[in-house]
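Visitor: Next come a sequence and a model predicted from it.
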Amino acid sequence: MYKFIAILRGIFDNLTLFFIIIIGLIILLIDIPKYENKGYTRELNIVKIISWTYLIFGITMFIIFKLI
């Protein structure tokens, strides 16, 4: 398990995780209102899932790396 976390830590540093979280926030704050105004419900649901996935992944990995 620790070997897997060490490999992930080599791939994702703090700056990368910061950018992942920022990308999720930008999608959430900018793209979602645009799709809501145009009435694209299917695309809106897809973008919501993508943005929340980015946010959850980034925050989770940041917490895991700080705890271990």
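Guide: Yep, that arrived. Numbering: from 1, shown residues only.

Visitor: burial measure for Gly10, as a count.
Guide: 8 (other CB atoms under 10 Å). (Each C-beta comes from the backbone N, C-alpha and C, glycine too.)

Visitor: now swap in the one 5 residues further on and tell me
Guide: For Leu15, the number of neighbouring residues by other CB under 10 Å comes to 8.

Visitor: Tell me the buried residues in stretch 51-63?
Guide: 51, 54-55, 58, 61-62 (16 or more other CB atoms under 10 Å).

Visitor: try stretch 22-35
Guide: Neighbour count says stretch 22-35 has 24, 27-28, 31, 35 buried, by 16+ other CB under 10 Å.

Visitor: Check which helix or strand the residue most central in space within the chain maps to.
Guide: For the chain, the residue sitting closest to the mean C-alpha position, by CA atoms, centre = their mean, is Tyr54 at 1.4 Å. Secondary structure assignment for Tyr54, by DSSP states H and E: helix 41-67.

Visitor: which secondary structure elements does that helix contact?
Guide: Here helix 41-67 touches helix 2-11, helix 14-26, helix 32-38, going by 3 or more CB pairs under 8 Å, 6 or more residues apart in numbering; DSSP states H and E.

Visitor: any chance of these in CSV, plus mean pLDDT and distance to Asn45?
Guide: Shown next, in CSV, are those (pLDDT from 0 to 100; distance: least, CB to CB, whole Å):
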stretch, mean pLDDT, distance to Asn45
helix 2-11, 78, 29
helix 14-26, 90, 16
helix 32-38, 92, 9
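
Visitor: of all the ones you listed, which lies closest to Lys66?
Guide: helix 14-26 (9.1 Å; CB to CB).

Visitor: hey, C-alpha coordinates of the closest one in PDB?
Guide: Taking Å, rounded to 0.1, in the frame of the first residue of the first chain, the C-alpha atoms of helix 14-26 are listed here in PDB:
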ATOM      1  CA  ASN A  14       1.100  19.900  -4.000                       C
ATOM      2  CA  LEU A  15       1.100  22.300  -7.000                       C
ATOM      3  CA  THR A  16      -0.600  19.700  -9.200                       C
ATOM      4  CA  LEU A  17      -3.300  19.000  -6.600                       C
ATOM      5  CA  PHE A  18      -3.800  22.800  -6.200                       C
ATOM      6  CA  PHE A  19      -4.400  23.100 -10.000                       C
ATOM      7  CA  ILE A  20      -6.700  20.100 -10.000                       C
ATOM      8  CA  ILE A  21      -8.800  21.800  -7.300                       C
ATOM      9  CA  ILE A  22      -8.700  25.200  -9.100                       C
ATOM     10  CA  ILE A  23      -9.900  23.500 -12.400                       C
ATOM     11  CA  GLY A  24     -12.800  21.900 -10.600                       C
ATOM     12  CA  LEU A  25     -13.800  25.300  -9.100                       C
ATOM     13  CA  ILE A  26     -13.500  27.100 -12.400                       C
END
